[in-house]
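Peer 1: Quick one, what's the 3D model for this:
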Amino acid sequence: MLESDMIYAAQGVWLRFGYNVRMNAPEKIYLDYAATTPVDPRVLQAMLPYFTETFGNPSSVHTFGQQAEAAVEDARQKIAAWLNCQPAEVIFTSCGSESDNLALRGAAFAARQQRGARHILISPVEHHAVSHTAEQLKTLHGFELEYLPVDENGQVHPAALAQRLRPDTAVVSIIYANNEIGTLNPIAELGALCRERGIPFHTDAVQGAAWLPVDVQALQADMLSIGAHKFYGPKGIGALYVRLGTPLVPVQTGGGQESGRRAGTHNVPLIVGMAEAMHLAQTERTQRTAAVLPLRDRLIGQILESIPQVHLTGHPGQRLPNHASFAMRGVDGNALLIALDVAGFACSSGSACKTGSPEPSEVLLATGLPPAWALGSLRLTLGNDSTPQQVEAILAALPEMVQRNRQLKP
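Peer 2: Predicted coordinates:
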């Protein structure tokens with residue numbers, strides 16, 4: 001579809017719901033930082049020399065290669081310091097999704113090979129990078145997949161995990177901070193249960209790494225996934241922590257990069273950028289949280305007060321500090337997003353990977369919400385550039401937009 005056609009389509013939805021089309025709309029307000037973040041200028045500056053000056057292949061033995069390899073290993077040490085692990089335990093990948101894939105497949109295949117284990121435990125509120133991988137392991141590779149129960153806030157309770165762990169459990173994967181509803185899981189308690197039984201435990205920390213401590217020792221994690229573009233780093237680069245001694249079958253084969261655990265030429269500029277972005281995210285975490293938390297609470301409080309039949313999704317307190325998410329009864333969530341976009345607000349219905357889907361979110365259904373509510377989901381996530389004025393702008397616009405959406409929904 002041409003860009004002009006997309007504009008006309010969006011205007012058509014806008015008109016259908018009774019709003020005036022603003023051809024000269026003001027600059028958009030970005031409220032989708034859980035989907036991605038802009039690259040921090042300091043991160044960009046750290047990356048630039050490795051595109052043109054220090055451009056060698058880290059696998060080459062000459063000086064150019066040695067310089068590039070030094071940059072990769074320096075980045076690995078920086079990331080390992082924040083993860084509180086050994087540099088050798090950090091595997092560079094292309095993104096958080098690949099890290100999730102490698103953790104689940106690699107651990108499952110290794111457990112089946114070494115001890116005949118075929119049982120996989122995950123929560124029903126995982127990112128698709130975990131849930132779809134687990135489903136494929138079940139349908140194509142003969143593993144038994146079991147979903148842990150979650151409560152109405154989307155949390156996994158340690159008692160529920162303890163009841164379902166088995167001697168033949170190959171791997172357990174439970175998300176640290178949910179991307180759709182913002183709920184935090186008690187990862188340290190869950191991980192401790194798995195470690196007591198010698199079962200590999202993975203957590204998807206792609207959302208959490210921007211706002212939470214990622215000390216893998218405190219979290220009791222055997223594997224942990226991160227992706228740089230969630231914390232002001234570049235897209236296309238991620239990492240997987242794998243505790244020494246955790247069996248892992250490589251999924252991507254070829255050269256001997258990453259100690260044979262993940263083949264492929266290192267993307268040196270992006271690796272350098274991720275290390276800088278993680279350093280900034282963790283050192284500035286307290287200040288960043290203090291800035292967004294009151295804005296998040298303002299969004300939640302005012303939306304629940306000003307719009308009828310709205311439900312806060314996720315845990316009211318144990319949630320990401322920048323994350324506000326809602327379910328609205330009788331609302332066409334996709335139409336609302338398009339209307340918001342034309343009005344100048346970039347928002348989401350939940351996972352960026354699900355936007356545009358006419359089906360209700362599996363995450364919301366798992367928390368017990370009926371489809372009539374789950375189809376009207378809205379996620380507003382804040383970032384370093386968010387301001388009180390931006391928050392007040394969407395709070396002023398949203399009630400009428402929801403009302404018109406409900407009136408004109410078929």
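Peer 1: list the contacts for residue 98?
Peer 2: Contact analysis of residue 98 by CB atoms under 8 Å, 6 or more residues apart in numbering lists 129, 238. The way it works is simple: take the backbone N, C-alpha and C, and place the C-beta from them, glycine included.
Peer 1: List the buried residues for the host helix or strand of it?
Peer 2: Residue 98 is part of helix 96-115, with elements assigned from DSSP states H and E. Neighbour counts over helix 96-115 (16 or more other CB atoms under 10 Å) mark 96-112 as buried.
Peer 1: can you pull out the strands in the chain?
Peer 2: Using DSSP state E, the strands of the chain run over 29-30, 90-93, 119-122, 144-147, 169-173, 201-204, 223-227, 238-242, 310-312, 323-328, 345-346, 377-381.
Peer 1: Need the per-residue pLDDT for the residue nearest to residue 78 when sequence neighbours are not counted.
Peer 2: Among residues not flanking residue 78 along the chain, residue 275 sits closest, at 4.3 Å (CB to CB, 6 or more residues apart in numbering). With respect to pLDDT, residue 275 has a value of 98.
Peer 1: Against residue 41, how distant is residue 275?
Peer 2: Using CB to CB, to the nearest Å, residue 275 is found at 16 Å from residue 41.
Peer 1: of these two, who's got more company?
Peer 2: A count of neighbours by other CB atoms under 10 Å puts residue 275 above the other of residue 275 and residue 41, at 29 against 9.
Peer 1: what's near enough to touch the more buried one?
Peer 2: Taking CB under 8 Å, 6+ apart as the test, what residue 275 contacts is 74-76, 78-79.
Peer 1: ditto for residue 151
Peer 2: Residues in contact with residue 151 (CB under 8 Å, 6+ apart) are 157, 367.
Peer 1: phi, psi of it?
Peer 2: Backbone torsions of residue 151, given as degrees, to the nearest 10, read phi -90, psi -170.
Peer 1: List the contacts of residue 242.
Peer 2: Contacts for residue 242 (CB under 8 Å, 6+ apart) come out as 89, 91, 103, 222-223, 248, 261.
Peer 1: And it, what's its pLDDT?
Peer 2: So, for residue 242, pLDDT stands at 98.
Peer 1: contacting residues around residue 204?
Peer 2: Neighbour list for residue 204: 96, 100, 126-127, 129-130, 173, 175-176, 225 [criterion: CB under 8 Å, 6+ apart].
Peer 1: Could you tell me which of those residues count as buried?
Peer 2: By neighbour count, with 16+ other CB under 10 Å, the contacts of residue 204 hold 96, 100, 126-127, 129-130, 173, 175-176, 225 as buried.
Peer 1: which among these gets closest to residue 208?
Peer 2: Closest approach to residue 208 among those (CB to CB): residue 176, at 3.9 Å.
Peer 1: wait, that closest one sits on residue 212?
Peer 2: Yes. At 6.9 Å, residue 176 and residue 212 qualify as touching, with contact defined as CB atoms under 8 Å.
Peer 1: which neighbours do these two share?
Peer 2: The overlap between the contact sets of residue 176 and residue 212 (CB under 8 Å, 6+ apart) consists of 184, 205.
Peer 1: re earlier: give me the buried subset of the contacts of residue 275.
Peer 2: Members of these classed as buried by 16+ other CB under 10 Å are 75-76, 78-79.
Peer 1: Just put those in a markdown table and tack on distance to residue 304 and pLDDT.
Peer 2: A markdown table is the format used below for these (distance: CB to CB, whole Å; pLDDT from 0 to 100):
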| residue | distance to residue 304 | pLDDT |
| --- | --- | --- |
| 75 | 43 | 98 |
| 76 | 44 | 98 |
| 78 | 41 | 98 |
| 79 | 39 | 98 |
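Peer 1: thinking again about what came up before, return the closest of the buried ones among the contacts of residue 204 with respect to residue 377.
Peer 2: residue 127 (15.7 Å).
Peer 1: That closest one against residue 206, yeah?
Peer 2: Yes. Using CB under 8 Å, residue 127 is in contact with residue 206, at 7.0 Å.
Peer 1: okay, now residue 287: neighbour count?
Peer 2: Residue 287 has 9 neighbours, counted by other CB under 10 Å.
Peer 1: could you measure it against residue 281, distance?
Peer 2: 11 Å.
Peer 1: What residues are bridge-paired with residue 91?
Peer 2: residue 240 (DSSP bridges).
Peer 1: OK, contacts around it?
Peer 2: With CB under 8 Å, 6+ apart, residue 91 has these contacts: 99, 102, 239-242, 258, 261-262.
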